[in-house]
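Enquirer: Here is a sequence with its predicted model. Questions after.
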Amino acid sequence: MNERRRGGVIRVFFFLVITASVFLIIRYQVFLLGHNNWCDEDETIVVAKMMAHGQKLYTDIFNHHGPLTFLPGLIVESLGDFKIPVHRIPILFLQWIALLAVYFSPLIYSKMSKICNTLIVATFIVAFLSGIYGSMYLYQSIAGIFCVIILAQYTLPNILSLPFCKPMAIIGPALIVSLSFLAITYLPISILLFLASVRRENIKSSLIGIACGLLFNLFFILFFFSLRGYIAYHLYLNIKFLGSGTIIPLFQSVFNFSLGTPVGFVSLLYLLLIASILCIKSKDRFPWRGIVVAFSVAAFWMRNPGWYFHGLPYLYSFAGLSPVLF
């Protein structure tokens, strides 16, 4: 009886801890809806408002951000004329989808491990990343959340040959493709993530997912944007001035960031640890996929993140990689 009572007390204790944690996370998320501000978010919201009133991006409106960036804003503005806090609600919901993706990751079998990892990730996303604008309506936030879902539910299970949710066989590649429609400079990362994820047995579903992602984004561009303007103002100018053109600046940026800041050095060690575990656990003859994933995450260094919102996709990706540690 004593053991049963003790077990019951422990279960009640953990239930209360989890309930309190969820309440605090939601409470802090609600607080962040109206906290802090960065001019890029204002710019994104203004463009979404102008588009909701019939103007087209890349012709009537000049903005370098990728077209998919404005989908949440258009959805919000279709419901009414709203200010910044309401425009952050889609980010809040996307964060919870990312947390669910981490919780249900096939890499973690133990329920307690799932709960612990998810609470750690939630604290990291809500408390830590909010310090560099991780709760704001920015394309970097959206890209980072996409990476969490892709890594936890699609890429990592494929690397370790684990069964995963069937819809992710199409959703995963579609999200990978969509990264480059948030910023064309994410195209190399999309290619690397796809190469690390795809296997011979799921090549058909992967190609269907890519086609779905491409068609959705292209129809979105054709309906709300100027295709010629998109090619000229977003693709050409971003590749010309932000794409660097070679791989050398990436290595320079990695070197400067990893050795120049404590967070850079620790994060580099974390990436190396994840890559090592994936290589050891992989059933491939030559375990190259873990190395490619680590390199794809490091490729977000191209904008030299540091403690700045450009580093959000890079740091968000750590949440998607966290199931490997469990």
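Expert: Okay, I see it.

Enquirer: how about stretch 266-279: buried residues?
Expert: Neighbour counts over stretch 266-279 (16 or more other CB atoms under 10 Å) mark Ser267, Leu268, Tyr270, Leu271, Ile274, Ala275, Leu278, Cys279 as buried. For every residue, glycine as well, the C-beta is placed using N, CA and C.

Enquirer: residues in contact with the fifth one?
Expert: Residues touching Ile274, when contacts are defined by CB atoms under 8 Å, 6 or more residues apart in numbering, comprise Gly290, Val293, Ala294, Leu321, Val324, Leu325.

Enquirer: Tell me the secondary structure at Leu107.
Expert: coil (DSSP: H, G, I helix; E, B strand; the rest coil).

Enquirer: Show the contacting residues for it.
Expert: Per CB under 8 Å, 6+ apart, neighbours of Leu107: Ala152, Leu156, Pro157, Leu160, Leu162, Pro323, Val324, Phe326.

Enquirer: can you tell me how far it sits from Met168?
Expert: For Leu107, the distance to Met168 (CB to CB, to the nearest Å) stands at 13 Å.

Enquirer: ditto for Val121
Expert: Taking CB to CB, one finds Val121 at 18 Å from Met168.

Enquirer: How about Leu272?
Expert: From Leu272 across to Met168, the span is 27 Å (CB to CB).

Enquirer: now swap in Ile210 and tell me
Expert: Distance from Ile210 to Met168, by CB to CB: 14 Å.

Enquirer: Comparing those two, which shows the higher neighbour count?
Expert: Legend: neighbour count by other CB atoms under 10 Å for Ile210 and Met168, higher for Met168 (23 against 19).

Enquirer: The more buried one contacts Leu151, correct?
Expert: No. Applying CB atoms under 8 Å, one finds Met168 not in contact with Leu151, separated by 11.3 Å.

Enquirer: Can you tell me which of the contacts of Leu107 are buried?
Expert: Ala152, Leu156, Pro157, Leu160, Pro323, Val324, Phe326.

Enquirer: What segments of the stretch 51-200 of the chain are helices?
Expert: For the stretch 51-200 of the chain, helices defined by DSSP state H, counting those that start in this stretch occupy the ranges 71-78, 84-87, 89-103, 111-123, 139-150, 156-159, 168-182, 187-197.

Enquirer: Show me which residues of the fourth one are buried.
Expert: Judged by neighbour count (16+ other CB under 10 Å), helix 111-123 contains these buried residues: Lys114, Ile115, Asn117, Thr118, Leu119, Val121, Ala122.

Enquirer: who touches the third one in this structure?
Expert: Same thing as Asn117. Counted by CB under 8 Å, 6+ apart, Asn117 has contacts Val102, Tyr103, Ile108, Ser322, Pro323, Leu325, Phe326.

Enquirer: Among the residues you listed, find the one with the greatest number of neighbours, please.
Expert: Top of the contacts of Asn117 by neighbour count (other CB under 10 Å): Val102, with 28 neighbours.

Enquirer: Do you know the pLDDT at that one?
Expert: pLDDT, Val102: 95.

Enquirer: Quick check: it touching Leu151?
Expert: No. Val102 is not in contact with Leu151 according to CB under 8 Å; the separation is 9.1 Å.

Enquirer: which residues do these two both contact?
Expert: Gly320.

Enquirer: For the chain, name the helix or strand with the lowest mean pLDDT.
Expert: Using mean pLDDT, DSSP states H and E, the weakest-scoring helix or strand in the chain turns out to be helix 248-260, at a mean of 65.

Enquirer: Check the offset of the helix or strand just after it from the chain's centre.
Expert: Once helix 248-260 ends, the next helix or strand along the chain (criterion: DSSP states H and E) is helix 262-281. Helix 262-281 sits 18 Å away from the centroid of its parent chain (CA atoms, centre = their mean, to the nearest Å).
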